[in-house]
Every structure is written in C-alpha cells, then in structure tokens.
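> Test case, fold it:
(chains A and B)
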Amino acid sequence: MAIKTNKKTSRGKVIYESNKIIITAEDKLKADKEYSELEKIINKVERILSRQGFLAKDAKKKDALVVWHTIGEELDEYLNKKRMNKDEEKLFWDTLYGRWPKIHGGLPKFKVDLTRNDFKTARELAKFDLNELKKVGSWGLWREIISYKRIYSDPRIIEWIVEELTKKPRTRDESRPLLKAISNRFKKIDTTILTKEELYTKLSEIKIVEEPGNT
Amino acid sequence: MQTFTQVTNQENDLNAIERGYQNSFPHIFWLAEALQKDAIQNSWDARISKKGENWNCRFSLIKSDKNILIITDKGATGLIGNKFDDTKEMIYLLKSQNPENLARFLNSNWSGKGSDSGGKWGRGKNIFLISSANREFYFDSYRTSDNNYVFGKVYLDQEEKLIKYALSWGEEAKRELTRLFPEINQPESFGTRIIIPSPRKDLLQAITDNRLLEYISNTRWETIKKFNAQIIVFNGNDTQRAQIPSWYNEKLELDKINLKIYEPELIKSDTELRTKKFVLKYELSGDIPENIRGIAIQRGGMTIERIPTATLLNIEKADNIYGWVEMDKDLEKEMYDLENVEHTKFTWQSSSARSLKEYLKRRIREFAQDHKLIEDEHKKTNEAQKIAEEKAIKNLAPLFKKLDLGKKIQGGGGQSGNAHKPYKRESDSPLRISAINFALPRSDSQRINYSEEVRNAHVIPINETDQSIVVNIRVYIVSEDGTFNRTMEEKTFTLEPGSGSRIGLDFFKIANNLKRGKYFFRAKLLCLEDTNIKLPDNKMLEKGYEYDRVNIAFYVEADPPSNSPFTFDEDITRKSHRFLFDWVQQQLGHYIIYYNGLHPKVIEVKNKDELNKNSSDLEVFLTENAAMIAYQIKLQEVISGEAEADKEIEKIEESNDLTKILPEYLMANQSEFLWDFKGGKNGDKNQ
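Residues are numbered from 1 along each chain as shown, chains lettered A, B, ... in the order given. Below is the predicted model of the structure:
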C-alpha cells in the first residue's frame, strides 16, 4: 500500500511513499481515500478536545496526557482496521507530523525516531485505561517510559512499570533511574522468551542506582 | 500604420516536412511507414473507450481510374470541438485547453496532446497531404460531441503556396461527399475518415504488397497485444488484420529460454522515473528479422525508436540480443518532450534520456553476463593489474574533486565500511557463536554472482564455561529490504563446554532467480536457561541472553557501493578494433571504466609491466586516459543538465563551435592534469 504524505515535489506534486517499487494510480487513489479518512479523525479529535478545553488555538495542551490518549485511541482504532505491516506502519508514523496543526505545530526538523514518535507513543498508551495512566504520571513520564526500546518491545514490562509506579508514584525525573535500570538489565536479553513469572521476578530484583542529584 | 500577416510559402514547409520523414525512415517505402504511424496514432488517441473496446482503424484502397485510400476509424470520438465561423474565433478555440480536435486538425502547430497520446505539435496531418500526388485530401467525421457530421477538404493552393481548407456541415456535408465520392457511403458510426485521392506510387505499392500491414504490426504490436486492437488493411484485393508479429508469439511467448523480463525499476536513484517493463531476449542463432533488431523504445503503445544493441553493448554477438522497454507515465512524459515530430527518435543527450540509456546498458551487460556472452570481469586474478587500477584511481582523486565527480554517490563506503571481513568475535564472551570461516568466492570483494557458492555458511557455537547450557541457534539469510528471509538451520540443544558442531550449511549456491542486491548472513544464539555463570560485564548468563552479532553483508550480482566515481575493469571479450575504453554508469555518480584487454595497446602495456615485474605502465596508461574520460563525463553531465557548466564549457557553448570541444576542453584539460601528474606542478605551465 501507499501512504499520502504532506510533502510535495518541486513541481507541486504530492509525494506518496510506499515500500513497493512502483506506486500505481490505484495505490494513490486508495492512499487519498485513507488520507481523507484520517483527516476526518483528526478533525473530530481536535473538535472534541477544543470543546472540552484541553486544546488551545496555539496547540497548547491543558492536559497533554488526555490529549495524546484521545489521539492514541483514535489512531489505534484506525490502524486496527487497516492491518498495515511493520514497514507500512513505519511510514505511517513518519507521515503524521505536520498534519495535526492544532496538536503539533509544524514538521519536526529531523526525522523522528520511532521510539520518540509522539503519535506512536500515544497509540501504545491507548492500550491502557486513561485513569490507570493518570495514576502513574504525566505525558512526559509516559513518553520517557515508551522511549526505552527494551521496555517498549515487551508490553509485560510496561504493565509491571504501571503497577510499580501506581504503588509508588514518581515524577518523570524520579522515574528515570528505574527505567534506565530496567533497560540496562535487559540490554542483552530477549525477554519475550521468559514466562511472565520469570520476567516479573527479574524485574523485582532490579537494583536502582540513583543518579546524582536525584534524592 | 497598416498591419500585415507574414505569408509563408507552405509548399516549401511541406517539402521540408517530407524531407524530415524521409530522413527518419531511410527506405523507399518511408511514406507508408510514416503514414501508418501518424494515422493510427491520431485514431487511437481519439478512441472512445480507454481500453480500445469497439475501436478499429481501417486502411482501404479503392482501385479505379482514380485510386483512393480511405483511412477510417470507428469507436472514436470523431473530430470533436466547437464550430467556428471565422479565423478569430478559430484562434480562440486553438488557444483553449479544451479538446478542440477539429480546429487543431485543420491547423498546424496547435496540438493540445499530452505525452499519453502519440501525436505531437499537430503536424501529423501533413503526412496526409504528402501522401496524395496532388497534395490534397478530404475528411469527414461523425462527432460524439454534437452528433453532427462534417465534411471537408485540405489542399495546397499551388498558386498562393498556402495550405487551405474548406468544410461543410450536416446535410450539405453529406451532399458534398456524395457529389465528390459517389462510391463512398455515409458513415454509420462515430469516427473520422481520411480520404486521399491519388495516393503516391510508392505508397500504393506498399499497400498492395502488404508492406503497410507489416509496418503496422511492427510498430503497433504492443497496442494489438494489450488491447486486442483491430487494425485492418484492404489492399484492393484482400482484407487482412494486423497481427502481433510472429517473432513475438513464437520466440517470446512460447520460448521462455533466454528471455528475461525486468519488472518496474527506477532508472536513476535520485529520480522517480521508472521503467514499466524491460524485456530482453537472446537469440542463439542470431536469426532475427531486420525490423525487430535492437532494443525498441515504446511510448504510447508504439515503437518510437530501435536502438541497435551493439551501441549499448559493443560485443560480437550484440545483435543476438533484442527486446523492448516500456516506460511508466512520468518517464513517458519526460521522453515525449525529447521525441522528434516524426515519432522516430529521441534526443538522448538530456538527463532523463541519458539515464534511461545508462539503465539499458547496465541491464544488457548483466543479461550478456548471464548468458556467458561476456566473461565475468570480477574473475580477474592478476594482482599487479588490480594494484595498477587502484593506484590510477588514487592518481585521479584530485581531478575527481576538481570536477565534482562522485558527489552523487549514494551509500558509498563499500570496502572501508561494511566490507566483508572475518567476524571479529568478542574474545571475552564465554558463550558465543563464530562465523569466522564464512567465505565468499572472492577474498577481496563482497560480490557474489549467480551460480557461485558461499562456503562455510555456518556458525560454530562456543561455550567457554565449565557447564552445559541449553541454547537455541538460528542461522539465516535476509535481504536488505527484508523481503527475503530464509532460515538455513535452527536448532535447540545442550551445548557442552568447548566448541559445538556447526550450524548452518557447508555451502550454498546463489540461485539465478534471487533478486540482485545486498544481503546479510546472520545468526543468533539464545540462552534458554538461567545459570550461575558471570559474564564479563558482571551480568549473569541467564535465560533470554542473546548473542546476535554475526551479521555479514554480501552483494548478489552487484558491486558494493564505492566511494570513488570510477572503477576500472578489464574486458577481454570484445575483439573490437574500435574499443579501447568504454564506460557505464553503474550507480548514481559511479562509473565502471572498461578497458579492452585484447587491444594491442593494452597488451603492450601489460607486457612491459610483466617484464619489469611491476604495474607502473598500466597505472600510468589508465590514469592518463581516464583523465580525459573524466572530462568527457563531466561534459555529458553538463549537456544533460545534471551538472553546472564551468567557465570553459560556457565559453565553448557561447562560441557555438563544436570543433573546439576536443582541442580546447578535453585535450587541454587532460594536458593540464598530466602536467601536474608528471610532476610539473611547480613548473610554469603557462610558459
């Protein structure tokens, strides 16, 4: 499949991206259709959030976690219907920046790494209940959690962190040593072959080294 | 002040157009070939159904005292567009973007057609005037736009030397047709007829001896094949339908041996221009009809030009290779702008055309290699020669920099970055895998060709602890784009202390159907149990521990990207007196410079080196000649618009004197380079 981007060629032609060698007219039509479908979702989300007072006109967010969670839920629903493969999804995340001006002004200067892609993070978070997320912490904290590849690649680790931070709430900065320790602990470990019990045991045994300045 | 409109002698114009056609179709039946090309193209462009359903085009010769050729299309829109009453109104219509086919048909240089159609500049209808001995033709058209019927005459006024036309509509038009051509019926369906009274003798002969039919088949086979298009010729005695030439059915459709079809490919990595299909066929016997030889460049469903294969690859059996290339919409659009008005040739100097030609050259070379028409240049074993080539590249480095050559190379780094080298294992990791014996056919290159073998494509598990450990090891090959991923072996077992047995394959052959490009040989070890063994980083060797650092890149039927704009390769397969150097752009900004190992000059240089037991003569020879090639490539890039002209080229351009290119650009610059190269840097080269 092809994805319509918001980039244009020097001749003003819309750029479509795909992993296929050739993008046919049919692919482009389909991409256009999907683009407008997504556009509707974007408008709907923006409308709801603005009405509820979570979004100001200058893209400032009253509660970023609520905003991103709402976006994540919509994207999750959209993507579940689309069934993109990994490569296509990668393209999709790249093309989202610049299309939600009320949420995210302008294109990022550099290509956003998948672990830092706000939209992708939002979708991951949509798998959790908003109230649960709120108990853990802010959008900033969640963004931090999802940015660790080792944590992000095993959803059971995220679940454990949710439990841990619900029991013992911490700010983003306070949580960083724990997150770093987990990431470091599993640096050369493929955790997906561990049972939940084994994984949780290893997680609970992690010793946290406090960073200087964090008390 | 009184204003006049400039008066042109249109008879002279017509003669010039005729000469243009004659030059483009250099044979005595040029008129028949040109006529069918333009007539069918106009008709096909006017088809009602995009897929050509219910469309047909018929050439009928009515023999009588006065012979008449009628070209009729059906399932076409007819000459649609607004009616006009005076010149002012007509010019207004011609300027509009609407499909004013009637107005454009009757006038010159106002064609509104795009690249998806075949017509160009509205000059095609001149061929109808040229086809008549009297410089006249009639037309009638039943139009879909208004259900109206129009009849008209176009002729050269011999007195005033102007092309004129007259037309009438509706009932009056029908009466005119019957009055002038009582033997021709009124049209029953939408479409247009061109009526050419007194066709010229050579045209008549081409129709009666079925040459016209042959020209149609050879030009239009793609349209006939894809759309089952009906193009019919009545030669005065028999009616025959143009068929796909037999060579297509018999040689290409049925005999899949020696046939290669390249799917859509980018012709150049920094553009979006793609081919749609490139078909190559090798005919062992060399028995290929004259008119299908070479590589046909197809546009808009017709063959525009056939490039002799020998000009793309100068080898002895080049003519045994033939085929065609179809282009995608964007590339067709670019090439359309470079096409001559007779639809017979492209201007190949411009950037897109040059890239297409380079693409064809690359693929034909590969194809020839596949069929053993060219020896694989990479089998070269002469170390001294290799050293000479490398040194020559080094000598040329300042020149490359000066000329900005090689700036466009993408993904360079080849030998220095991802070069194949024995895997450097982590000596302090007690549980690991080693692929130290992995071997490609050439020790100095990551390239591997079809049918060649990768040897020792296995890993050896190593357990330097004193305990048995349960592990899982997977050995696999994956392509860079991830579309190919094949496990060679996967095993779960207890690894005893020491080295385990090999996992993977002792060798495997590169299959001919494997996509060309970059691949990785990878292996991953997973520890499946917790242990009390400490790793060097003080972590425990535990369940889930993975070791995945075996990752060796290799290139199937492709060279690793190079940082240098030139690579030398000796070619010992072409015994052509006219070949000393030749070059192909292998990837964006990177050229392979082939030199003829059979040329007496090269033999002489190599013999000298052999006698002296060094490689300096070849090094100097390559350096000196490649310097001029570098300037030639720069010149090509400037002409094609890929590079900016420097002052010297600008000066030659301004002088409009091509004879200056060799002495004042190529030779002068080569001389300057050699001055520096030979140590004259400190001398005064201006003296």
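
> Quick check, pLDDT for B:Gln385.
Looking at B:Gln385, its pLDDT reads 84.

> now the strands for chain A?
Using DSSP state E, the strands of chain A run over A:2-8, A:14-18.

> Now distance to chain B and mean neighbour count too, for these, in a markdown table please.
Where C-beta positions appear, they are placed from N, C-alpha and C, glycine not excepted. Conversion of the strands of chain A to a markdown table gives the following (distance: least, Cβ to the nearest Cβ, whole Å; neighbours: other Cβ atoms under 10 Å in any protein chain shown):
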| stretch | distance to chain B | mean neighbour count |
| --- | --- | --- |
| strand A:2-8 | 13 | 18 |
| strand A:14-18 | 9 | 17 |
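
> May I see those strands arranged in JSON lines, with mean pLDDT as well?
Below are these laid out as JSON lines (pLDDT from 0 to 100):
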{"stretch": "strand A:2-8", "mean pLDDT": "76"}
{"stretch": "strand A:14-18", "mean pLDDT": "76"}
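
> Find the residue at the geometric middle of chain B.
B:Leu356 (3.7 Å; Cα atoms, centre = their mean).

> How about that residue, nearest residue that isn't a chain neighbour?
B:Ile267 (5.2 Å; Cβ to Cβ, 6 or more residues apart in numbering or on different chains).

> contacting residues for the one you found?
B:Leu273, B:Arg274, B:Thr275, B:Leu331, B:Ser352, B:Ser355, B:Leu356, B:Glu358, B:Tyr359 (Cβ atoms under 8 Å, 6 or more residues apart in numbering or on different chains).

> quick one on the thing from earlier: so the residue nearest to the centre of chain B touches B:Leu331, yeah?
Yes: with contact defined as Cβ atoms under 8 Å, B:Leu356 counts as touching B:Leu331 (7.0 Å).

> Now the common contact residues for the two.
B:Ile267, B:Leu273, B:Thr275.

> how about the CA coordinates for the longest helix along chain B, as PDB?
If you go by DSSP state H, chain B has its longest helix at helix B:616-639. Extracted C-alpha coordinates of helix B:616-639, given in PDB (Å, rounded to 0.1, in the frame of the first residue of the first chain):
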ATOM      1  CA  SER B 616      53.500   1.200 -13.300                       C
ATOM      2  CA  ASP B 617      52.900   1.300 -17.000                       C
ATOM      3  CA  LEU B 618      49.300   0.200 -16.700                       C
ATOM      4  CA  GLU B 619      48.800   2.600 -13.800                       C
ATOM      5  CA  VAL B 620      50.100   5.500 -16.000                       C
ATOM      6  CA  PHE B 621      48.100   4.300 -19.000                       C
ATOM      7  CA  LEU B 622      44.900   4.100 -17.100                       C
ATOM      8  CA  THR B 623      45.500   7.400 -15.300                       C
ATOM      9  CA  GLU B 624      46.200   9.300 -18.500                       C
ATOM     10  CA  ASN B 625      43.300   8.000 -20.400                       C
ATOM     11  CA  ALA B 626      40.800   8.200 -17.600                       C
ATOM     12  CA  ALA B 627      41.700  11.800 -17.100                       C
ATOM     13  CA  MET B 628      40.200  12.600 -20.500                       C
ATOM     14  CA  ILE B 629      37.200  10.300 -19.800                       C
ATOM     15  CA  ALA B 630      36.600  12.200 -16.600                       C
ATOM     16  CA  TYR B 631      36.300  15.400 -18.600                       C
ATOM     17  CA  GLN B 632      34.100  13.700 -21.200                       C
ATOM     18  CA  ILE B 633      31.800  12.500 -18.400                       C
ATOM     19  CA  LYS B 634      31.700  16.000 -16.900                       C
ATOM     20  CA  LEU B 635      30.800  17.300 -20.400                       C
ATOM     21  CA  GLN B 636      28.000  14.700 -20.700                       C
ATOM     22  CA  GLU B 637      26.600  15.700 -17.300                       C
ATOM     23  CA  VAL B 638      26.600  19.400 -18.200                       C
ATOM     24  CA  ILE B 639      24.900  18.800 -21.600                       C
END
